[in-house]
Structure formats: structure tokens, C-alpha cells
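Colleague: sequence-free structure coming up:
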């Protein structure tokens, strides 16, 4: 079963129609989860702007956009690891062991640093939730919204990253 249950791209090259369809599907996830479970974070309708990062970091728009692209790819690639850690935590709970969140939270912390540096506010709030909450279903939902937010930032980069993951996965099977 693919890590992303969305068929991002059927063709080798991404076209605008595929990307828009992919974004709409993820926007639905984002909207459904954001309005209900994550209302307290006030992330609904958030639109990222490079202006603050440019001002505060003293970097040009082109470099900030490249760094945002790298961040999007990093978040998408880290989804599998987050899910693996969640599975381990679930198994620990089922067997009566005290769940060990260290690896999960270290991965979240790594991603939080990048989001903070780039001044991506919705990601910062969501990743902070990943670092501090213990409810496994809530953490899974938070991860889904984080992925949707990343896709919203750079849909084409997200699609290309997902396609690469799918290709690598099919080769290793």
C-alpha cells in the first residue's frame, strides 16, 4: 500500500491539472481536520509569505523559495518515519509498555527548526503539537494536516517528491 493514498501523478512529467487535483484532495484533508480538531491552533486560512524570512534572515526571495522547496520535500519524506514511530508507539501501548516518544519527538524537533528558520507559522504550531502531545490518533491527524500544509506551500515539489518516493518504493519491492 502506498504511503500516500493519493495518486499524485500518473505521468512522468507533472502537469498543472494533476497538481491542482492533488492539491484539492489534500486541501480537503486540511480543511476537514483544521476546522474541527485544530481550531485552537488558528491555522485555517494561513498563507505563507517569504517576506518575513527575507527580512529577518537577510536572504533573497529566490533562496528562501528554494529552502521552502527543500522543507516541503523533507516533510513529505519524513512522513514514513513518523508513521513508523507511531506504529511502534501504538504497539508499546497495546503491550502495556510505557510509550517512548523520544525518536518521534526528535524527528519533530528537527523539522521544527527548519519551519522556525523559514518562519512557516502553521507548520511551527503543528510540529509543536507533535512534540508535546501523547494521543496517538491526534498525532496521526496532526501529521496529516502538516503534510497537507506542506503540499499547499509548494504543490509541484510535493508531487514530485511523492512520485520519487513511489518509484523508489516500487524498485525496492
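Modeller: Everything's here; your move. Just so it is clear, the structure is predicted and the values come from calculations on it, not from any experiment.
Colleague: right, and residue 147 touches residue 76 too?
Modeller: Yes. With contacts counted by Cβ atoms under 8 Å, residue 147 reaches residue 76, the gap being 6.7 Å. Every C-beta, even on glycine, is put in place using the N, C-alpha and C of the backbone.
Colleague: how far does stretch 109-125 stretch from start to finish?
Modeller: 12 Å (Cα to Cα, to the nearest Å).
Colleague: so where is this protein shaky, pLDDT-wise?
Modeller: Where the chain drops to pLDDT under 70, the residues are 1-35.
Colleague: packing partners for the longest helix seen in the chain?
Modeller: Taking DSSP state H as the criterion, the chain has its longest helix at helix 61-94. The helices and strands touching helix 61-94, judged by 3 or more Cβ pairs under 8 Å, 6 or more residues apart in numbering; DSSP states H and E, are helix 51-57, helix 102-118, helix 121-132, helix 136-153, helix 155-172.
Colleague: mind checking which of these is nearest residue 92?
Modeller: helix 136-153 (9.9 Å; Cβ to Cβ).
Colleague: and the angle for that closest one with helix 121-132?
Modeller: Between the axes of helix 136-153 and helix 121-132, defined by axes from the mean of the first three to the mean of the last three Cα atoms, to 10 degrees, the angle is 160 degrees.
Colleague: which other helices and strands contact helix 136-153?
Modeller: If you count contacts as 3+ Cβ pairs under 8 Å, 6+ apart, helix 136-153 packs onto helix 16-36, helix 61-94, helix 121-132.
Colleague: return the set of buried residues in that helix.
Modeller: The neighbour-count check on helix 136-153 (16 or more other Cβ atoms under 10 Å) flags 136, 139, 141-153 as buried.
Colleague: quick one on the thing from earlier: need the helices and strands packed on helix 61-94 in JSON lines with distance to residue 86, can you?
Modeller: Below are the helices and strands packed on helix 61-94 laid out as JSON lines (distance: least, Cβ to Cβ, whole Å):
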{"stretch": "helix 51-57", "distance to residue 86": "30"}
{"stretch": "helix 102-118", "distance to residue 86": "7"}
{"stretch": "helix 121-132", "distance to residue 86": "10"}
{"stretch": "helix 136-153", "distance to residue 86": "6"}
{"stretch": "helix 155-172", "distance to residue 86": "18"}
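Colleague: ok, which of those comes nearest residue 82?
Modeller: Nearest of the helices and strands packed on helix 61-94 (Cβ to Cβ): helix 136-153, 5.3 Å.
Colleague: cool, thanks, talk later.
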